[in-house]
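In: build me a model:
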Amino acid sequence: MTKRDASIVVAPGKVGLDDLAQVLAGASVMLDPSFWPRVEAASVIVAQAAAAQAPVYGINTGFGKLASRRIPPAQTALLQRNLIVSHCCGVGPPTPEPIVRLMMALKIISLGRGASGVRREVIEQLQAMLARGIYPLVPQQGSVGASGDLAPLAHLTAVMIGEGQAIVDGAVVPGREALTAAGLAPLTLGPKEGLALINGTQFSTAYAVSGLLRAHGLACTALVTGALSVDAAMASTAPFRSELQQLRGHAGQIAAGAALTALLDGSEIRMSHLEGDERVQDPYCLRCQPQVVGAALDLVTHAARTLAVEVNAVTDNPLVLVETGEIVSGGNFHAEPVAFAADQIALALSEIGAIAERRIATLVDPALNFGLPPFLTVDPGINSGFMIAEVTAAALYAENKQRAVPCSIDSTPTSANQEDHVSMAAHAARRLSDMADNLATILGIELLVAAQGITLRAPHSTSTPLAAVIDALREQVPELGADRYMAGDLAKSAALVEQGALPATAIAALQNNPFPRLAEKGQLS
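Out: Coordinates of the predicted model:
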């Protein structure tokens, strides 16, 4: 079975982060059948409102600043079609396919709550496209995060009605052709359906969830590279003792300290300098790892709680209250919670990279690395060793620091001042991809540098799990002797980081998992 063949059943209100990780990996989505009656009941309420004389926003009126314009029943379908094509104003490079898949899944979940008033056929069209690999081409730029992610979601919806462009097996094709080739017909949207599809936070939330999952994985990897650096620098493990972490009390710090302790347990390097070491304290980048990476884990955990709610939320407008038969206009499309969560994730990514870069700088500096050669090369002078690798890490950290400036504090009024406060959630969430890429490379550089440092500590050896990590690296990148072309080494080590190979290798060697788990509701456990 291929990843595209895999399918999960989603129950809106109960979808967890593990489910969404499967969608990012290629799984399609089917709505739990028990939700169809509510979907259909809400659709009937909308159809009745469309046939009535009373104006109801988005059903028989214009949109935004044009909400006071009454639309006759005969023009309802044209209204919805025009809404979609007029809002296809996205620019910039295409959104990556995994993010588009997640957007589609999140829209299925939201519409499946039965408060948006769409017909069953709308959700089924999304399900069929997802299952058959028809991914709308969604430009990355154009959303300010209220009234929802209008432009990106319009591009997604356009393919459903036979407009726009889709990506099928890596090729860009017209939307109508993509549907026809898959045996699907374009939808004719009914009352409110276009509005239900383009209102919402699914573009911002998809990017934020992807960033969240990557941030958690990178935080766990940073504990591995950080532990390697501790041994390479012949630093103390005393600052990681559980008693110290418990006295502070933060969950992330406690978990980080426990992981570092487990990773370093049994190191001969550590035992070799328990006595006679004239150093009293190590630099903060080594001994304050539980406090810094732990705090980052706590930020990621808080963001996870917010996003675990948002992925199950109904975020279009107006909403149908099935129990009372009312259609009520509100503001659930405003993506402020997503913007705040993305800003928190950005801070975590930046700070994990900041402290990792300092560890790299410590290991290549003969004034700080406790007896290792300058830049970890056996013949300094003729060889530069890891000199410029450290500079690259500094450059990437500087980029992440600049990108970590909060986006949620920005707002630009739009739509003739009708939408006078916006969240900028799309900006906040999109940058997480680039920041995670940068952090993966920083940690990959730390992996190279720390592994080299540990090798230079021979005949003393590191712990069993850390030795296994170094062995995994050496299958891809040999120890550095004389200077060689370094870009390939950096790419291979960053790929190991991206794959989650470091924590996985350590877990296999330990035969247990010392890393904090990001559970469905964002709890560290």
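In: could you tell me how many residues sit around Thr414?
Out: 17 (other C-beta atoms under 10 Å). Quick note: C-beta positions are derived from backbone N, CA and C, even for glycine.
In: quick check: closest non-adjacent residue to His427.
Out: Distances taken as C-beta to C-beta, 6 or more residues apart in numbering put Cys407 closest to His427, at 4.6 Å, once the chain neighbours are dropped.
In: which of the three states applies to the one you found?
Out: Secondary structure, DSSP: H, G, I helix; E, B strand; the rest coil: Cys407 is coil.
In: and if you look at the one 5 residues further on?
Out: Assigned state for Thr412: coil (three-state reduction, three-state DSSP).
In: just checking, it touches Val144?
Out: Yes: using C-beta atoms under 8 Å, Thr412 is in contact with Val144, at 6.3 Å.
In: give the residues shared as contacts by these two.
Out: Val422 (C-beta atoms under 8 Å, 6 or more residues apart in numbering).
In: what about these two, which has more around it?
Out: Taking neighbours as other C-beta under 10 Å, Thr412 and Val144 compare with Val144 leading, 24 against 10.
In: that one and Val422 touch, don't they?
Out: Yes: Val144 is within contact range of Val422, at 4.1 Å (criterion: C-beta under 8 Å).
In: overlap of the contact sets of those two?
Out: In contact with both Val144 and Val422: 412, 414, using C-beta under 8 Å, 6+ apart.
In: so which strand or helix has Ala495?
Out: Ala495 is part of helix 487-498, with elements assigned from DSSP states H and E.
In: equivalent analysis for Ala41, please.
Out: helix 36-51.
In: residues making contact with that helix?
Out: Contacts for helix 36-51 (C-beta under 8 Å, 6+ apart): 31, 56, 59-60, 73, 76, 111-120, 123, 190-192, 320, 322, 325, 327.
In: residue contacts, Ala426?
Out: Ala426 makes contact with 143-145, 149, 152, 203-204, 207, 335, according to C-beta under 8 Å, 6+ apart.
In: just the angle for the helix or strand encompassing Thr225 relative to helix 487-498, thanks.
Out: Element membership for Thr225, per DSSP H and E: helix 202-232. For helix 202-232 against helix 487-498, the angle by axes from the mean of the first three to the mean of the last three C-alpha atoms, to 10 degrees is 110 degrees.
In: which residues of the stretch 51-200 of the chain fall in strands?
Out: Along the stretch 51-200 of the chain, counting by DSSP state E, counting those that start in this stretch, strands occupy 91-94, 135-136, 139-141, 165-168, 171-174.
In: partner strands of the last one, parallel or antiparallel?
Out: So the one you mean is strand 171-174. strand 165-168 (antiparallel) (DSSP bridges).
In: go through the partner strand and flag the buried ones.
Out: 165-168 (16 or more other C-beta atoms under 10 Å).
In: equivalent analysis for stretch 476-486, please.
Out: In stretch 476-486, counting by 16+ other C-beta under 10 Å, buried: 477, 480, 486.
In: and it, how far out from the chain middle?
Out: Between the centre of stretch 476-486 and the centre of its chain there are 32 Å (C-alpha atoms, centre = their mean, to the nearest Å).
In: now do that stretch: everything it contacts.
Out: The contact list for stretch 476-486 (C-beta under 8 Å, 6+ apart) reads 376-379, 383-386, 388-389, 448, 451-452, 455, 489, 492-493, 495-496.
In: ok, of those residues, which come out buried?
Out: The buried subset of the contacts of stretch 476-486 (16+ other C-beta under 10 Å) comprises 376-377, 383, 385-386, 389, 448, 451-452, 455, 489, 493, 496.
In: as JSON lines, those residues with pLDDT, secondary structure and distance to Asn417 would be great.
Out: Below are these laid out as JSON lines (pLDDT from 0 to 100; DSSP: H, G, I helix; E, B strand; the rest coil; distance: C-beta to C-beta, whole Å):
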{"residue": "Leu376", "pLDDT": "96", "secondary structure": "helix", "distance to Asn417": "59"}
{"residue": "Thr377", "pLDDT": "95", "secondary structure": "coil", "distance to Asn417": "62"}
{"residue": "Asn383", "pLDDT": "96", "secondary structure": "strand", "distance to Asn417": "63"}
{"residue": "Gly385", "pLDDT": "97", "secondary structure": "coil", "distance to Asn417": "59"}
{"residue": "Phe386", "pLDDT": "97", "secondary structure": "coil", "distance to Asn417": "55"}
{"residue": "Ala389", "pLDDT": "98", "secondary structure": "helix", "distance to Asn417": "51"}
{"residue": "Leu448", "pLDDT": "98", "secondary structure": "helix", "distance to Asn417": "53"}
{"residue": "Ala451", "pLDDT": "98", "secondary structure": "helix", "distance to Asn417": "57"}
{"residue": "Gln452", "pLDDT": "98", "secondary structure": "helix", "distance to Asn417": "59"}
{"residue": "Thr455", "pLDDT": "97", "secondary structure": "helix", "distance to Asn417": "63"}
{"residue": "Asp489", "pLDDT": "98", "secondary structure": "helix", "distance to Asn417": "54"}
{"residue": "Ser493", "pLDDT": "98", "secondary structure": "helix", "distance to Asn417": "51"}
{"residue": "Leu496", "pLDDT": "98", "secondary structure": "helix", "distance to Asn417": "51"}
